[in-house]
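Q: Using only what follows, build the 3D model:
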Amino acid sequence: MSARDGRLGIGIIGAGRVGPVLGAALAGAGHAIVGISATTDDERDRVEIVLPGVAVLDVATIVERSELVIIAVPDDQLADLVAGLAALGAWQPGQLVMHTAARYGTSVLDPARLAGGIPLAVHPAIAFTGTSIDLARLRDAWCAVTAPTPVLPIAQALVVEMGAEPVIVDESDRETYADAITAASQFSTAIVSQSVDALRAIGVEQPGSVLGPVVRSAVENALQRATVDSINLSHVDLNGNDSASDLGPASGPARGDR
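A: Purely as a prediction, here's the structure:
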């Protein structure tokens, strides 16, 4: 990190749906993307569209040149990748190493930490498309952040620079967090698919257009109720007295209130 301007040279391992989008978000905040790994034609095409002009490099070169390494690979590849790079002596003292897996905290990055790396776990809670659409969605998203206490502000600052909001999740709670995110995503996808098929079967030509408003409004209503319930619970004292009546009419918080 430059002591003068706080900008980072960022390398990205993984050109699936997540890595290029986070790179584009951080590039928009003024950081320099030094390179990204891509192994398939689809990944190289995605890099060209989302991160035009960014060099496609091998993983070892990316780690060598980067002050912050973002590891955006499938969960089942993460531990072996981090350990393999440690065995090669690739990790550098003082280097920020951030993964994007929902299920893991920072312990999966221990091989990098033992080499002097600074471990960060940041998971954006959105369903990525791997396109520029995700950049807009990040501005309404939260990111689960897990990091050692002294460097937690660094992880939170990176999230804010991506346009999202950080929420701290303890190392021991990452699996529960991941299960909740996965359940919400998979359930929503399955139900919408089932409803689309049912409408199509009775001759509705644009089932997605018909379902869009009802799905969005139902989800928004459910989330608003969850927010109101959280506010009310936070104002119940130890004697069971509800002081929510002092708050006036219940409403969802504006983004600035988070």
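Q: next one: the helix or strand containing residue 12 to chain centre, how far?
A: When elements are assigned from DSSP states H and E, residue 12 belongs to strand 9-13. Centroid separation for strand 9-13 versus its chain: 16 Å, with Cα atoms, centre = their mean, to the nearest Å.
Q: ok, then the element right after that strand?
A: Following strand 9-13 toward the C-terminus (DSSP H and E): helix 19-28.
Q: Please point out which parts of that following helix sit buried.
A: 19-26 (16 or more other Cβ atoms under 10 Å). Where you see a C-beta, it was placed from the backbone N, CA and C, and this is true even at glycine.
Q: Please tell me how far residue 154 sits from residue 81.
A: In this view, residue 154 and residue 81 are 22 Å apart by Cβ to Cβ, to the nearest Å.
Q: again, but for residue 193
A: For residue 193, the distance to residue 81 - Cβ to Cβ - is 32 Å.
Q: Distance check, the nearest residue to residue 129 once chain neighbours are set aside against residue 145.
A: Counting by Cβ to Cβ, 6 or more residues apart in numbering, residue 17 is the residue found nearest to residue 129 once chain neighbours are left out, at 6.4 Å. From residue 17 across to residue 145, the span is 20 Å (Cβ to Cβ).
Q: which element follows the lengthiest strand in the chain toward the C-terminus?
A: Identified as the longest strand of the chain according to DSSP state E is strand 118-124. On the C-terminal side of strand 118-124, the closest following helix or strand by DSSP H and E is helix 133-138.
Q: and that next one, what's its mean pLDDT?
A: Helix 133-138 carries an average pLDDT of 94.
Q: Now do the very next helix or strand once past it: distance to the chain's middle.
A: Next in sequence after helix 133-138, counting helices and strands by DSSP H and E, comes strand 142-146. Relative to the centre of its chain, strand 142-146 is centred 7 Å away, using Cα atoms, centre = their mean.
Q: Pull the residues that contact strand 142-146.
A: 102, 105-106, 120-125, 152, 155-156, 159, 162, 164-171, 174, 177 (Cβ atoms under 8 Å, 6 or more residues apart in numbering).
Q: Excluding covalently adjacent residues, which one is nearest to residue 111?
A: residue 86 (3.5 Å).
Q: Give me the neighbour count for the one you found.
A: 18 (other Cβ atoms under 10 Å).
Q: how far does the helix or strand hosting it sit from the chain's center?
A: Assigned by DSSP H and E, residue 86 belongs to helix 75-87. Offset of helix 75-87 from its chain centre (Cα atoms, centre = their mean): 20 Å.
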